[in-house]
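# this is a predicted model, with the sequence first.
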Amino acid sequence: MTPNLSAAQLWPQPPKLPKPVFSDQRWLDAVFLHWRVPEAVAAAFMPEGVQPDVFDGSSWVGLIGFRMEKAGLGTGPGIPYLGSFNEVNVRLYSREPDGTRGVVFLSLDANRLPVVLATRAAGIPYVWSRIRQWPPFPGRDSRQQYGNRWTPAGSMGELPVGYSVRRFGGGSARSHFGVVPKLHTAVSDPLSIFLTARFGMHGSFRGRTMYVPNTHHDWPLFGADVHRLTDELIGASGISVSGPPESVLYSPGVRTRFGMPRLLGTGG
């Protein structure tokens, strides 16, 4: 990697989004924690026709928390109440034979029951949970928007940001994780881009593999230190990890749009 290149210069060009747009969303205060996992382990979770995407000889599993804001239908305004909620997901990284990259969600915890029910009906593994976002960071009134990107204003790198999850039901999995962002340490290394430059998800719907595309500008990414980490969500998904995460990132967020899904093999 050329040291003088910025993340924007290294970021892959987002593919053209198939029309019509069916959702416009903002993902804010994102925390990314990632561990290596053997490719064979990830392969067991891939939908038919999709294989694990590999970086540095490994597959990767991520624990990601963020604040969904102003999610709406089409290009319309955000849906009141239901369009803004906390989400924590566990995901793997996927690749089609033609090179199309995506993510495979093992679980997505959210604190809006109607959202959970509607997405589960579409084959997306949402789970109803109580999720608390730690105090917003760097704060709504100190976050600035430039076009479709969010970047932090000021230097409040001493404060942590994180998420606490408790699934409803006795004995259900929990998770508490947070980081202290280093806002003067923007990152653009190949691994960070591999883990975040994802423009769609692979999943199963009625026995078929589908791909749901999205597009967004490059995440403004910053290094971070783990502040707290006690997680049961990854284990509940059927994957075992140990030790600290190898990749720890924070982003104030991006705006994203989703296009129409396609079934693998149909070409769109």
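Here it is on my side, so go on. Residues are numbered from 1 along each chain as shown.
# which residues does the closest residue to Leu221 other than its chain neighbours contact?
Excluding its sequence neighbours, the residue lying closest to Leu221 (CB to CB, 6 or more residues apart in numbering) is Val187, at 4.9 Å. To be clear about C-beta, it is placed using only N, CA and C from the backbone, and glycine gets the same treatment. Contacts for Val187 were tallied using CB atoms under 8 Å, 6 or more residues apart in numbering; they are 7, 221-223, 249.
# now do 7 Å
By CB atoms under 7 Å, 6 or more residues apart in numbering, the contact set of Val187 is 221-223, 249.
# could you dump those residues into CSV with distance to Ile239, secondary structure and neighbour count added?
What follows is the contacts of Val187, written out as CSV (distance: CB to CB, whole Å; DSSP: H, G, I helix; E, B strand; the rest coil; neighbours: other CB atoms under 10 Å):
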residue, distance to Ile239, secondary structure, neighbour count
Leu221, 24, coil, 24
Phe222, 26, strand, 22
Gly223, 25, strand, 20
Leu249, 20, strand, 24
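# looking at those, spot the one nearest Ile131.
Leu249 (19.5 Å; CB to CB).
# tell me which residues touch the closest residue to the closest one other than its chain neighbours, please.
Nearest residue to Leu249, sequence neighbours excluded (CB to CB, 6+ apart): Phe32, at 4.1 Å. For Phe32, the contacting residues are 62, 64, 195-196, 247, 249, by CB under 7 Å, 6+ apart.
# what is the mean pLDDT for the host helix or strand of Phe32?
Secondary structure assigned from DSSP states H and E places Phe32 in strand 23-37. Averaged across strand 23-37, the pLDDT comes to 94.
# same question, stretch 216-226
For stretch 216-226, the mean pLDDT works out to 94.
# that stretch: how far from the chain's middle?
Stretch 216-226 has its C-alpha centroid displaced from the chain centroid by 11 Å (CA atoms, centre = their mean, to the nearest Å).
# again, but for stretch 112-132
15 Å.
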